[in-house]
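>>> with the sequence up front, the predicted model follows.
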Amino acid sequence: MNISGCRLRNAFLYICIVFFISACSSDESSLHRARLVTLGTLVDISTWGVDHDTAEQAITDVESVLNDIHHTWHAWQPSMLSQINKHLAAGQPAKVAPDNMKLIRQASHLAAASDQLFNPAIGNLIGLWGFHHDDRPQGPPPEPSAINSLLADAPSMNDLIISGTSLKSTNPAVQLDFGGFAKGYAVDKAITLLHSRGITNAIVNAGGDLRAIGTHGDRPWRIGIRHPRESGIIASVETAGDESVFTSGNYERFFDYQDIRYHHIIDPRTGYPAKDTLSVTVIHGDAATADAAATALFVAGPKLWPEIAAQMGITQVMLIDDKLTVYMTPAMVKRVHFEIDPQPTVVISNPS
């Protein structure tokens, strides 16, 4: 879940863009904003219509929750997750607190729905590619023999056995990495906490991935979707009620080696970064589901994504391929406003 300083700067720029789009109200006196450094990124929290002290205390408590999630589920620094992975590698059961087991169960369910294209069990592959470090890898890519060796073990979430508070694996190659899911899980936790404090109009934006509830005064929250190849945004959407907007892109964590970009979204079928896709944006009520689905649909690519979206219950998708062709569901077409001219080629596909 951690990211480099470069990603922090990119996240800062992106969040500023998002809030620039939203900042056009005649009355900002009811808006309270705070910026946190947690989850390895910049997290912006905005509330509307609550007093300053209530907002400040809620945001302080949200920061504590997010920090706890970050330290609990960190994939390469000492954490509860690193201890779990040691037990799994040794073929030993690991004790997991009930609340933490909820995250594992939810991730397992989403992995199954995605045909394991969202596969948090491939931590060894992600580490092999150099993405288990705070700094960006420099390359070269791993040797094919090393990738093939890990692929031969075929780790998946299906290898986990959950019994009460006990977790074990039938496959010692399973190493869990919830980087494609835990941020969404954390955003959901933050929104739940805000709700518990009587805050019904808010947005929690973690490095450009967010969940928004209620409205921004007399209008909806308006969110920018980053252009995958240029600075700025390619499109915007307005949220309705309680919605999460999550994007997976090949620009988030990557390294370039001999004019080839190698990004962190690894296809568990090939062991290499997923091809043919630049970014995927998903809108869903649940942030954790949106986070996992954006990863799975990125891996699925332009041909397979409608099938996987249907299996995961996702109806609002925008996928941009490596030719800048935009694929969208009919429900997403109604939501997206392009911010570039000329507008890209759009292909409309139903989840099937």
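Everything's here; your move.

>>> pull out the buried positions in stretch 194-208.
Within stretch 194-208, the residues scored as buried using 16 or more other CB atoms under 10 Å are 194, 197, 199, 201-208. For glycine as for every other residue, the C-beta is placed from the backbone atoms N, C-alpha and C.

>>> the residues you listed: which two are farthest apart?
Pairwise distances across those peak at 24.8 Å for Arg197 and Gly208 (criterion: CB to CB).

>>> ok so, going back, so which of the buried residues of stretch 194-208 belong to strands?
By the criterion of DSSP state E, membership of the buried residues of stretch 194-208 in strands covers 202-206.

>>> what score does Ser352 have for pLDDT?
Predicted confidence (pLDDT) for Ser352: 82.

>>> so what's it up against?
Listed by CB atoms under 8 Å, 6 or more residues apart in numbering, the contact set of Ser352 reads 306-307, 310.

>>> so which of those residues belong to helices?
306-307, 310 (DSSP state H).

>>> could you identify the buried members of those?
Buried among the ones in helices among the contacts of Ser352 by 16+ other CB under 10 Å: Pro306.

>>> still on that earlier bit, need the buried residues of stretch 194-208 in JSON lines (columns: pLDDT).
Shown next, in JSON lines, are these (pLDDT from 0 to 100):
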{"residue": "Leu194", "pLDDT": "98"}
{"residue": "Arg197", "pLDDT": "96"}
{"residue": "Ile199", "pLDDT": "97"}
{"residue": "Asn201", "pLDDT": "97"}
{"residue": "Ala202", "pLDDT": "97"}
{"residue": "Ile203", "pLDDT": "97"}
{"residue": "Val204", "pLDDT": "98"}
{"residue": "Asn205", "pLDDT": "96"}
{"residue": "Ala206", "pLDDT": "96"}
{"residue": "Gly207", "pLDDT": "92"}
{"residue": "Gly208", "pLDDT": "92"}
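
>>> would you format those residues as TSV with distance to Ile233 included?
Shown next, in TSV, are those (distance: CB to CB, whole Å):
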residue	distance to Ile233
Leu194	26
Arg197	31
Ile199	27
Asn201	23
Ala202	22
Ile203	16
Val204	19
Asn205	14
Ala206	17
Gly207	15
Gly208	10
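
>>> quick one: which of those is nearest Val336?
Taking CB to CB as the measure, Val336 lies nearest Gly208 of the buried residues of stretch 194-208, at 16.1 Å.

>>> is it true that the closest one touches Ile233?
No. Counting by CB atoms under 8 Å, Gly208 stays clear of Ile233, with 10.1 Å between them.

>>> mutual contacts of those two, please.
Contacts common to Gly208 and Ile233, judged by CB under 8 Å, 6+ apart, are Arg226.

>>> would you map the helices across the chain?
Using DSSP H, helices in the chain cover 5-22, 52-72, 80-89, 98-113, 123-128, 144-153, 182-196, 287-312, 330-333.

>>> most packed of those?
Ranked by average neighbour count under the criterion mean count of other CB atoms under 10 Å, the helices of the chain are headed by helix 287-312 at a mean of 24.

>>> which secondary structure elements does that one contact?
Counting contacts by 3 or more CB pairs under 8 Å, 6 or more residues apart in numbering; DSSP states H and E, helix 287-312 packs against helix 98-113, helix 182-196, strand 209-214, strand 241-249, strand 277-284, strand 316-321.

>>> and it with strand 202-206, angle?
Relative orientation of helix 287-312 and strand 202-206, computed by axes from the mean of the first three to the mean of the last three CA atoms, to 10 degrees: 80 degrees.

>>> what would the ones in helices among the contacts of Ser352 look like in JSON lines with distance to Ser30 and pLDDT?
Converted to JSON lines, the ones in helices among the contacts of Ser352 look like this (distance: CB to CB, whole Å; pLDDT from 0 to 100):
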{"residue": "Pro306", "distance to Ser30": "41", "pLDDT": "98"}
{"residue": "Glu307", "distance to Ser30": "44", "pLDDT": "98"}
{"residue": "Ala310", "distance to Ser30": "40", "pLDDT": "98"}
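
>>> quick one: Arg226 and Ser145, what's the gap?
Here the criterion is CB to CB, to the nearest Å. By it, Arg226 lies 36 Å from Ser145.

>>> per-residue pLDDT, the residue nearest to His337 when sequence neighbours are not counted?
Leaving aside its sequence neighbours, His337 sits nearest to Ser236 (CB to CB, 6 or more residues apart in numbering; 5.2 Å). pLDDT for Ser236: 97.

>>> ok, now which ones touch Ser236?
21, 222-225, 336-337, 339.

>>> now for those residues: which two are most distant?
Ile21 and Val336, at 13.6 Å, using CB to CB across the contacts of Ser236.

>>> run through the bridge partners of the residue nearest to His337.
Applying DSSP bridges to Ser236 yields these beta-bridge partners: Gly224, His337.

>>> how near is it to Ile340?
11 Å.

>>> against Asn250, how distant is Val299?
Note on Val299: its distance to Asn250, by CB to CB, is 12 Å.

>>> mutual contacts of those two, please.
265, 277.

>>> burial measure for Ala121, as a count.
Using other CB atoms under 10 Å, the number of residues around Ala121 comes to 27.
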